[in-house]
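# fold the following for me, if possible:
(chains A and B)
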Amino acid sequence: DQQVKQNSPSLSVQEGRISILNCDYTNSMFDYFLWYKKYPAEGPTFLISISSIKDKNEDGRFTVFLNKSAKHLSLHIVPSQPGDSAVYFCAAKVTSARQLTFGSGTQLTVLP
Amino acid sequence: EADIYQTPRYLVIGTGKKITLECSQTMGHDKMYWYQQDPGMELHLIHYSYGVNSTEKGDLSSESTVSRIRTEHFPLTLESARPSHTSQYLCASSAPGTTMGYTFGSGTRLTVV
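Okay, the predicted model is just below:
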């Protein structure tokens, strides 16, 4: 049973436009959410996170939105740049749990 | 510079061979993890450790084993590699109370032929 779902395996966006990556979760106990970025042949790197007590967190061009009632979060990248092309993983955690639960990733391609 | 290192980056090996994937971190983190990832799939936890001499299996069943004799070192061993072990193996570590989740190594891409 996949508790964190990224239903779009790929997304293409024009440079300068907004990229919106989506993530749904089923476990209502999750109270912390993270986004990671992964380039080919490298490990995931942390991008941005949000606690369940917030509905928005912003860091430069990256904003994460959390809708707890819908069990949905999204990552907005504005403006998108070619260097943003990578696989983006959504992850969730119950604070007391031992591990992060990851989605299957979305390949973002930003076209110049 | 504090970081987490995995070797080798790529490994092609024959069926039946014993292999050890190395993972070391210089950040003094107590918690370390091994994840397995196939292309287009989610990362699955296969092993984790809370500290020296503490190891447990993750949610995804794996024939690999791990050891944690030193804080900085968390190697993964496959006694007899099989083609079904072909995958990417990612090592990670974390510090208590961090909001950044895990710090990942660059991974080992294992191919068993």
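# now the helices for chain B?
Here chain B has no helices by DSSP state H.
# and the residue nearest the centre of it?
residue B:34 (3.3 Å; Cα atoms, centre = their mean).
# can I assume it is in contact with residue B:91?
Yes: contact criterion Cβ atoms under 8 Å: residue B:34 and residue B:91 qualify, at 5.7 Å. C-beta coordinates here come from the backbone N, C-alpha and C atoms, glycine included.
# mutual contacts of those two, please.
Residues within reach of residue B:34 and of residue B:91 at once, by Cβ atoms under 8 Å, 6 or more residues apart in numbering or on different chains, are B:23, B:74, B:76.
# for the first one, give me its contacts.
When contacts are counted by Cβ under 8 Å, 6+ apart, residue B:23 touches B:4, B:5, B:6, B:32, B:34, B:73, B:74, B:75, B:76, B:91, B:105.
# check contacts around residue B:68.
So residue B:68 contacts B:32, B:49, B:51, B:52, B:53, B:54, B:55, B:74 (Cβ under 8 Å, 6+ apart).
# so of the contacts of residue B:23, which ones are in strands?
Judged by DSSP state E, the contacts of residue B:23 include B:4, B:5, B:6, B:32, B:34, B:76, B:91 as members of strands.
# so who does the fourth one touch?
This means residue B:32. Counting by Cβ under 8 Å, 6+ apart, residue B:32 has contacts B:23, B:25, B:48, B:49, B:68, B:74, B:91, B:92, B:93, B:94.
# switch the cut-off to 7 Å
B:25, B:48, B:49, B:68, B:74, B:91, B:92, B:93 (Cβ atoms under 7 Å, 6 or more residues apart in numbering or on different chains).
# now tell me which helix or strand of chain A has the poorest mean pLDDT.
Least confident helix or strand, chain A: strand A:101-102 with a mean of 92, by mean pLDDT, DSSP states H and E.
# residue A:49 reaches residue A:33, doesn't it?
Yes: in this structure, residue A:49 is within contact of residue A:33 by Cβ atoms under 7 Å, at 6.5 Å.
# name the residue in those two with the higher neighbour count.
Set residue A:49 next to residue A:33 and count neighbours by other Cβ atoms under 10 Å in any protein chain shown: residue A:33 wins out with 25 against 20.
# any idea which helix or strand carries the more buried one?
Using DSSP states H and E, residue A:33 sits in strand A:32-38.
# other SSEs contacting that strand?
Counting contacts by 3 or more Cβ pairs under 7 Å, 6 or more residues apart in numbering or on different chains; DSSP states H and E, strand A:32-38 is packed against strand A:45-51, strand A:86-93.
# and of the ones you listed, who's closest to residue A:103?
In terms of Cβ to Cβ, the element of the helices and strands packed on strand A:32-38 nearest to residue A:103 is strand A:86-93, at 4.3 Å.
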